[in-house]
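Chemist: Quick check, what structure comes out for this input:
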Amino acid sequence: MPLLENGRIVEDFWTTIGGDELLPPTGPVIVPLDRLEDGLARPAGEKLGVALPPDAEIAVLRAALPRLALVGVTFPTFRDGRAFSQARALREHLDFAGDIRVTGRPLPDQYEFLLRCGVSTVQLPDGADPAVWARAHERFTTAYQPAVRDERAEGFGLRRFLA
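Modeler: You can find the predicted model right below:
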């Protein structure tokens, strides 16, 4: 599946490990949350990521965050917005500076909001057109809420012009 970063397709160097698969001895791997201890047992220099389920509290990652290079958050459906909250809390409350990756079924219309919440990469759903996602990245230029990125909200005063 294509990986999108800042509106552009980038190469994905990570290997995602399922529940029963063996962890490779080297290379960047993403493990499910219930296999995080296995991932932490790998050598300290190896890149490690964890796939956080939508119903998990981010606080479970507090002790492991210094070792993590990536945290994956999931949209089981486009209507399930818990990934927005998880990403924002990782950045604002736990000061996570690594890659926050979205998987699952987000919509292109949600892309700019994901970026504003601290997401750095999006694994596009099967059959998604990357050009649609790139256009969505450039479509919205005004935001009402502050972002975790280094930008300010600009739309606070626009309501008076909507009459």
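
Chemist: now for the strand ranked longest in the chain, which elements pack on it?
Modeler: The single longest strand within the chain, with elements called by DSSP state E, is strand 68-75. Here strand 68-75 touches strand 48-52, helix 82-92, strand 99-104, going by 3 or more CB pairs under 8 Å, 6 or more residues apart in numbering; DSSP states H and E. Heads up, the C-betas are built off the backbone N, CA and C, glycines and all.

Chemist: try 10 Å
Modeler: strand 29-32, helix 36-40, strand 48-52, helix 82-92, strand 99-104, strand 121-123 (3 or more CB pairs under 10 Å, 6 or more residues apart in numbering; DSSP states H and E).

Chemist: buried residues in the last one?
Modeler: With burial defined by 16 or more other CB atoms under 10 Å, the residues of strand 121-123 counted as buried are 121-123.

Chemist: What is the three-state secondary structure of the spatially closest residue to Pro25 that is not a sequence neighbour?
Modeler: Using CB to CB, 6 or more residues apart in numbering and skipping the chain neighbours, the partner closest in space to Pro25 is Arg42 (7.4 Å). Assigned by DSSP: H, G, I helix; E, B strand; the rest coil, the conformation of Arg42 is coil.

Chemist: pretty sure Arg79 is in a helix, no?
Modeler: No - membership of Arg79 in a helix is not supported by three-state DSSP, which gives coil.

Chemist: That one against Arg105, yeah?
Modeler: Yes - at 9.3 Å, Arg79 and Arg105 qualify as touching, with contact defined as CB atoms under 10 Å.

Chemist: Have a look at the two and say which one is more surrounded.
Modeler: The residue with more neighbours, out of Arg79 and Arg105, is Arg105; 15 against 8, by other CB atoms under 10 Å.
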